[in-house]
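1. Mind folding the following:
(one chain, ligands or ions: 2)
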Amino acid sequence: MKGKMHAVFKEKPEYGAVYKEVEIPDIGEEQVLIKVESTSICGTDYHIYIWNKWAQENIKPPQIMGHEVAGEVVEVGSRVEKVKKGDFVSSETHIPCGHCYQCQTGQQHICQNMKIFGVHQDGVFAEYAVLEEVDVWKNDPSIPKDFASIQEPLGNAIDTILPGNVAGKDVLITGAGPVGLISVAVARAFGATNILVSEPNEYRRKLSLEMGADHVINPIETNLLTAVDDIFGEKGVDFTAEMSGHPDAIRDGIKAVTGGGIVSLLGLPDDKVKLDLTNDIIFKNIKVVGVTGRKMFSTWHIASNLVKGERIDLSPVITHEFPLKDFEKGMKLMEEGNCGKIILKP
Ligand code: NAD
Ligand code: ZN
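-> Ligands and ions are numbered 1, 2, ... in the order given. This next block holds a predicted model:
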């Protein structure tokens, strides 16, 4: 498709990004062009915007930012079979190589040669975007466009909560950023009976209650382990989902789990974290699960079932919406932290 489009560009290796007009990109044989209908900001986009250490090591400007998306297919490559023109789609973010050990054993989400959409190649903060056929996910047309875009972080939440077998269980969620907030709704949908959220930000504690949490605490003011003791008794929680990456939350989240319990770790600490393996993990016989990305595509089936069947309500977590050209307003909110998911509309 020939023509011009607007896009948010990380133009230079420095703080910030620009909104500018560029050519609509060409597609390859195994790619799809979509008209972007909804996109959402992820923490990764914010890190690219502020040009932190990780971004400096991984991003090669100029590049279009963004990876959470929903839109309509307007053109397909000659070898594409998965979708056709007019389909309503989203996209997985991990681009697997297809030939490493993990890819060959059904674990594409942890491919050894992984490329990341919107990190290693142009993304979706634009009027049109190129998706890889391997990553395209066909949406049910009934799903609201904004929910379709945030299925990607919903997938992170699902893969974090699923290993916890939470039905009928006591659950602790540390960190109520967008992914933690979505995890509250997922834990509820999967049958958790009692959910405690630990989060320093007041705005996000309130949102946690709207997403279905039973209790919230501020770990800066209240000792998390004392709160767990008060709410759940000496037993502790059956499962912790760690969604903050903060070392204190990781340590206390593990300590809060009852013997034989389960901990999922999704949050990414900035540095190495010191743990008491002997007393807090080994002697307690607890299971610790590292979580990354989303399984391709069993997680997407669960995400779309939850959204399509209205088993979770994602509306409280979508707190702001801006036209794409005002993306900087979204980045400012990300900096302040008084937000859930922020939608950008081209
Ligand atoms: P976020 O940074 O918006 O949220 C983290 C939240 O943790 C914030 O609300 C913050 O106030 C809170 N927090 C800080 N210190 C805390 C403490 N001591 N106890 C409890 N909460 C505390 O991030 P997000 O986008 O919601 O993602 C959650 C985490 O998961 C981040 O660390 C992110 O890097 C990571 N992540 C990992 C993957 C993966 O594939 N493993 C994917 C997405 C996100
Ligand atoms: Zn691979």
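2. so for stretch 155-166, what's the average pLDDT?
-> What stretch 155-166 shows for mean pLDDT is 98.
3. Any buried residues in that stretch, and which?
-> 155-164, 166 (16 or more other Cβ atoms under 10 Å). Heads up, the C-betas are built off the backbone N, CA and C, glycines and all.
4. cool, stretch 124-143 as well?
-> Across stretch 124-143, burial judged by 16+ other Cβ under 10 Å covers 124-137, 139, 143.
5. Of the residues you listed, which is the nearest to ligand 2?
-> residue 134 (10.7 Å; Cβ to the ion).
6. wouldn't that closest one be in contact with residue 97 here?
-> No - with contacts counted by Cβ atoms under 8 Å, residue 134 stays clear of residue 97, the gap being 9.9 Å.
7. Up against ligand 1, what does the stretch 151-300 of the chain have?
-> Selection of the stretch 151-300 of the chain residues close to ligand 1 by Cβ under 6 Å from any ligand atom yields 156, 174-180, 198-201, 204, 219, 243-246, 248-249, 266-268, 291-293.
8. Show the buried residues in those.
-> The neighbour-count criterion (16+ other Cβ under 10 Å) marks 156, 174-180, 198-201, 204, 219, 243-246, 249, 266-267, 291, 293 among these as buried.
9. which residues of the stretch 151-300 of the chain fall in helices?
-> Along the stretch 151-300 of the chain, counting by DSSP state H, counting those that start in this stretch, helices occupy 151-161, 178-189, 202-211, 224-232, 247-255, 298-308.
10. Give me the residues contacting the second one.
-> Contacts with helix 178-189, where a contact means Cβ atoms under 8 Å, 6 or more residues apart in numbering, come from 42-43, 150, 153-154, 156-158, 160-161, 164, 166, 171, 173-174, 176, 195, 197, 199, 204, 207-208, 211-213, 241, 243-244, 266, 306, 311-314, 316-317, 339-341.
11. I'd like the buried residues of stretch 155-166 as CSV, with distance to ligand 2 appended.
-> What follows is the buried residues of stretch 155-166, written out as CSV (distance: Cβ to the ion, whole Å):
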residue, distance to ligand 2
155, 19
156, 20
157, 24
158, 22
159, 18
160, 23
161, 26
162, 23
163, 23
164, 28
166, 31
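12. now check the strand or helix carrying residue 333, is it near ligand 1?
-> Using DSSP states H and E, the element containing residue 333 is helix 327-336. No - Helix 327-336 lies out of reach of ligand 1 by Cβ under 6 Å from any ligand atom, never closer than 7.7 Å.
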